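1. The following comprises the amino acid sequence and a computationally predicted model.
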Amino acid sequence: MNAHSLYRPVSGLDLLERIGNDSRQRGLVVEDALARIGQIDPEVRAMTVVAQREAAVAAAIAATGPLAGMPVAVKDIFDTADLTTGYGSPIYEGHRPRSDAAVVTLLRRSGGIVVGKTTTSEFAYMAPTVTRNPCDLNRTPGGSSSGSAAAVAAGLVPFAIGTQTGGSTIRPASFCGIAGYKPTFGMLSTVGMKCFSWSLDTVGLFAAGVPDVAYLAQSLSGRQLAVDGSTTRPVFAIPEHYPWTEPSANASTVLEAAARAIERAGGRVRPIRFPAWMTDLIGAHHTIQSYEAWQALGYEYDRHRAMLSPMLADFLERAGEIDTAAYVRACVLAKEAKEGLSSLFHGMTGLLTPSAPDEAPDGLSSTGDPAFNRNWTLLGCPCVNVPGLWGARGGPMGVQVIGRPWDDARCLDAAAFVERAIAECTA
C-alpha cells in the first residue's frame, strides 16, 4: 500500500503562526495530535507510549516559550520521568527513570509538549523495529530513529527528537521524505540518553521542512539557527567518487536533479575529490563505535545477553576483540582528519551528496545502509537531509547538505536554499 497520499507532515512554523498567543488553541493542537496518534499509529506503529491527555493539554495551555504548545515526540532512547523509557530492549520493559534527559528538559523549558515516545532500534543500533514508513507502509522508515521520522512524516507531530551515531537521523529522514538535521557534535547535550558511543552519539532533529527543523534547533540550542535567507548564491561541491559505496543509479539521478535546481536558482555546483584519509575514516568509525559500545553496553551484555537480539549480541562479541591500541589509532586518525576539514571545505558553502544509497528498502527486515552518513558523524559535521525529490520506485529520496563543524547556521540556510530550489523546479 502506497500511503503518501494519506499521511502528510505538518509544519510546526505554520502551526505556531496559526495559534499565536491563544492558549486555548495550544490545547486544541495537542488534543488533535493525540487524536491523530490514536487514529493512525495502529498502522504506522511509531509510538511506544503516549502521554496522558488531560496532563498534556493542561501543559500546552500553560506553556510559554518559542515552542509553546507544540507537540513533540521523543525517541525512546532518552530518559523521561513521566513516561516509560525502554531503549528499544526487553531488558528495560516498564523502566521509569527518575529524571528527564537534558534535551527533554530543554524541550519543556521551550514550551514543547512531549506527547509520547517513539520506537528505536535496540539501544539505537541497527535491529529493525515494527515501525512502517508512512510514505509506503510496506517499506522500512529507516533506523535507528525509525519512530521519530515516521511520526513526523505521518503528521502525528510537527517535531521529533532522534539520534545519530552512524546515519540514524539523515537516513530515516530521507526514506520518509522529511527534513532531518544532525547538528555539530556536542551542540545538544546527550546527558540522560542511553549511550552507545560517547565519541559519536549526536542528538538529531526531525520536522516537515528545513525552516521548521532549523527553528526547532534554535529553540533548543539558544543559537541563531533559524533560516534567514541570507544564502543567495551558494557553492556546493559534489564528490566525483565515494570511498564507501557508490550511489545507485536512482540516487545519482536524484542528486543530478538537485544540482540542476540549485543552478537554476542561482547557486553553483562543482566537483570535488576526497582526500585519501576519507577512506581511512570508514574503518576508524567502526573501530571507535565498536570499542565504545563494548563498554557502554557492558552491563547488558554481561548480565542479559540472552535478551539481546542476535544482531546486537554478535556485534558486541566482535567489538570485544578490538584492543585499546587500535582504538587509540582510530581516535588519532579522526582528530587529524578534523584538522584537515578546513581545506576540504575551502571555497564552498557545503558538500552535496545523496542522503542514502537508494530509496527505502522494501519490507521491515533492514533499516538501510548508513554508508553516506558515518564519516560525517565521525567528523562532527552538521548535516541536513533536504526532502522534496522522489525516486524511480515511488519513494522519497533526500539529498544531504554537509557543512563545517560549528557552521550550522550556514549549513541550515544553504539546505533551505536547496529545498526552495527543488520546490520551484518540481512545482
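-> It's in. No experiment lies behind these values; they were computed from the predicted model shown.
2. Check which residues of stretch 14-32 are buried.
-> Leu15, Leu16, Ile19, Ser23, Arg26, Gly27, Leu28, Val29, Val30 (16 or more other C-beta atoms under 10 Å). Glycine gets a C-beta too; all of them are placed from N, C-alpha and C.
3. scratch that, stretch 124-143 is what I was asking about
-> So stretch 124-143, judged by 16+ other C-beta under 10 Å, has buried residues 124-129, 131-137, 139-143.
4. same thing with stretch 43-62?
-> Val44, Arg45, Ala46, Met47, Thr48, Val50, Ala51, Ala56, Val57, Ala59, Ala60, Ile61.
5. Now do the same for the last one: helix, strand or coil?
-> Secondary structure of Ile61, reduced to three states by DSSP: H, G, I helix; E, B strand; the rest coil: helix.
6. Check the gap between it and Glu317 for me.
-> 51 Å (C-beta to C-beta, to the nearest Å).
7. ok, now the second one?
-> Plainly put, Arg45 is 30 Å away from Glu317 if you go by C-beta to C-beta.
8. Likewise for Gly368?
-> From Gly368 to Glu317 the distance is 24 Å (C-beta to C-beta).
9. of these two, who's got more company?
-> Just comparing Gly368 and Glu317: by other C-beta atoms under 10 Å the higher neighbour count belongs to Gly368, 23 against 13.
10. mind pulling up the phi and psi values for Thr85?
-> As for Thr85, its main-chain torsions (degrees, to the nearest 10) stand at phi -130, psi 110.
11. Enumerate every residue touching it.
-> Contact analysis of Thr85 by C-beta atoms under 8 Å, 6 or more residues apart in numbering lists Asp76, Ile77, Phe78, Asp79, Tyr92, His95, Arg96, Pro97, Lys117.
12. how does it look with 6 Å?
-> Shown in contact with Thr85 (C-beta atoms under 6 Å, 6 or more residues apart in numbering): Asp76, Asp79, His95, Pro97.
13. Is the third one in a helix, a strand, or coil?
-> What it means is His95. coil.
14. how deep is it tucked in, by neighbour count?
-> When counting by other C-beta under 10 Å, one arrives at 13 neighbours for His95.
15. again with the first one
-> Asp76: 29 surrounding residues under other C-beta under 10 Å.
16. and what of Cys381?
-> Neighbours of Cys381 using other C-beta under 10 Å come to 26.
17. got a list of what it touches?
-> So Cys381 contacts Ile402, Pro405 (C-beta under 6 Å, 6+ apart).
18. from now on call the first residue 494
-> Let's use 494 as the start, then, which means that last one is Cys874.
19. what's the distance between it and Gly715?
-> Distance, Cys874 to Gly715, by C-beta to C-beta: 21 Å.
20. And the lowest-mean-pLDDT helix or strand in the chain, what's buried?
-> Across the helices and strands of the chain, mean confidence by mean pLDDT, DSSP states H and E is lowest for helix 834-837: a mean of 93. Of the residues in helix 834-837, Leu837 count as buried by neighbour count, 16+ other C-beta under 10 Å.
21. In CSV, list the C-alpha atoms belonging to that helix.
-> This file holds the C-alpha atoms of helix 834-837, laid out as CSV (Å, rounded to 0.1, in the frame of the first residue of the first chain):
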residue,chain,number,x,y,z
LEU,A,834,38.4,19.8,7.2
SER,A,835,39.2,23.5,6.5
SER,A,836,41.0,22.6,3.3
LEU,A,837,38.2,20.2,2.3
